[in-house]
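> Task: produce atomic coordinates for the following.
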Amino acid sequence: ASSAPVFAEYDFAQYAQVVGDTLANPSLGGSSRCAAALAAGASKLTSVIKQMSESNGLFGIPEALKPCSPIENDLDLSAFFADIFGNFQGAVQYNEEGRPPFVSDICSAALNAGGE
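I've put the predicted structure just below:
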């Protein structure tokens with residue numbers, strides 16, 4: 001694949017940067033407002049996750065994003081974020097090549113979410 005690193009990497013942060021850059025690129029269906037809205041949402045979700053404890057469980061996670069089972073350890077947390085981020089990766093990787101959602105669909109939804 002053209003987006004694969006030449007050498008295996010444990011934490012391929014550059015790919016996440018490319019995803020963010022694409023979501024901000026108007027010629028690919030994105031916008032700076034879209035990228036900022038998604039970054040703010042990711043930051044808010046990360047903050048909610050960090051504040052979770054046994055006493056409040058999954059409180060604060062939007063219903064549509066709640067996992068089916070509790071987040072009990074770092075592996076659960078990694079899987080949770082990978083599942084969410086994977087949707088954005090797929091839309092960027094196959095933008096306008098396959099079936100929706102495309103970058104423009106994600107940005108439209110993000111900008112019309114009403115702050116949810």
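> which non-adjacent residue is nearest the residue most central in space within the chain?
For the chain, the residue lying nearest the average C-alpha position, counting by C-alpha atoms, centre = their mean, turns out to be Phe85 (3.4 Å). Beyond its immediate neighbours in the sequence, the residue positioned closest to Phe85 (C-beta to C-beta, 6 or more residues apart in numbering) is Ala16, lying 7.3 Å away. Bear in mind the C-beta positions are built from the backbone N, C-alpha and C, glycine included.
> Which secondary structure element is home to that neighbour?
In this structure, Ala16 sits in helix 13-23 according to DSSP states H and E.
> coming back round to it: gap between the residue nearest to the centre of the chain and Ala13?
Applying C-beta to C-beta, to the nearest Å, the value for Phe85 to Ala13 is 12 Å.
> so where's the protein uncertain?
Low-confidence segments of the chain, defined by pLDDT under 70, span residues 1-12, 53-59, 114-116.
> if we can go back for a sec, which secondary structure elements does the helix holding Ala16 contact?
The elements that helix 13-23 packs onto, with contact taken as 3 or more C-beta pairs under 8 Å, 6 or more residues apart in numbering; DSSP states H and E, are helix 32-51, helix 74-93, helix 103-111.
> For Leu23, which of these is the nearest?
Closest of the helices and strands packed on helix 13-23 to Leu23 is helix 32-51, at 4.6 Å (criterion: C-beta to C-beta).
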